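Engineer: the amino acid sequence is not available; the structure is as follows:
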């Protein structure tokens, strides 16, 4: 079963599974394609595929049960059923993430290697992209801020809008370095005084993002900053919030992108700049 396990793991890693149960000899479905698996004679593969839900963190897929039915060795003997549970994880590591859409810079590899991936946090099935280890690495943290500053210092940006909570880590130093003000975009009931709000969709239900009335003025140019883009819901809400008060959103900037969740598509015509995916 070792070679069979490896083949199934290879085929199913990073798949967008559809909830379906199949019992087909030597075959299974992967992204609507029928795949043939070579296996020993008298072997039947039973594969159960379970729907996974998108989140702002990379998913770990649930166990896949593979059953092997071996023919009896003697007359009258019944076939033996053996089931192996395979735990397939998305093989994301910090070294896999050393890529950039718009920047080819030696500093990217150091930033990528400083980001830690924590499996099963905050709940089973999540591969959490932890930037706290990046903050502990003074060179990698400085390189991260420097790359953003180099990109935006000459773009006449007057507002850096940071999304709660980790956008508050990267936004203020960028704002200070380029001579812009920092505006926090917060969850409901976190900002005192008068606010305006924008609702956005979650995996289940909705949430809101708020900004102080008077924090920005019509005609200003803004950069929206967060640590990570997954489905793009919070970034999209921040864009709408700023545009309601006639602020021009120049670009969105994130340290990490999870491209398989297609958050970039939700931003419409707004450009997105990321360091690591």
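Structural biologist: Done, it's in. Bear in mind the structure is a predicted one, so any value in this text is a computation, not a measurement.
Engineer: quick one: the strands in the stretch 101-250 of the chain?
Structural biologist: Using DSSP state E, counting those that start in this stretch, the strands found in the stretch 101-250 of the chain span residues 116-119, 126-130, 159-163, 181-185, 195-201, 206-212, 221-229, 248-257.
Engineer: go through the helix ranked longest in the chain and flag the buried ones.
Structural biologist: When the chain is scanned for its longest helix (criterion: DSSP state H), the result is helix 138-152. The neighbour-count check on helix 138-152 (16 or more other CB atoms under 10 Å) flags 140, 141, 143, 144, 145, 147, 148, 151, 152 as buried. Glycine gets a C-beta too; all of them are placed from N, C-alpha and C.
Engineer: same for it, what does it pack against?
Structural biologist: Contact here means 3 or more CB pairs under 8 Å, 6 or more residues apart in numbering; DSSP states H and E; on that basis helix 138-152 packs against helix 107-114, helix 132-136, helix 167-178, strand 248-257, strand 272-276.
Engineer: apply 6 Å and report the result again.
Structural biologist: Packing partners of helix 138-152 (3 or more CB pairs under 6 Å, 6 or more residues apart in numbering; DSSP states H and E): helix 107-114, helix 132-136, helix 167-178.
Engineer: contacts for it next, please.
Structural biologist: Residues from elsewhere that reach helix 138-152 (CB atoms under 6 Å, 6 or more residues apart in numbering): 107, 110, 111, 114, 134, 135, 173, 174, 177, 178, 223, 253.
Engineer: that one vs strand 248-257, what angle?
Structural biologist: Interaxial angle, helix 138-152 versus strand 248-257 (axes from the mean of the first three to the mean of the last three CA atoms, to 10 degrees): 150 degrees.
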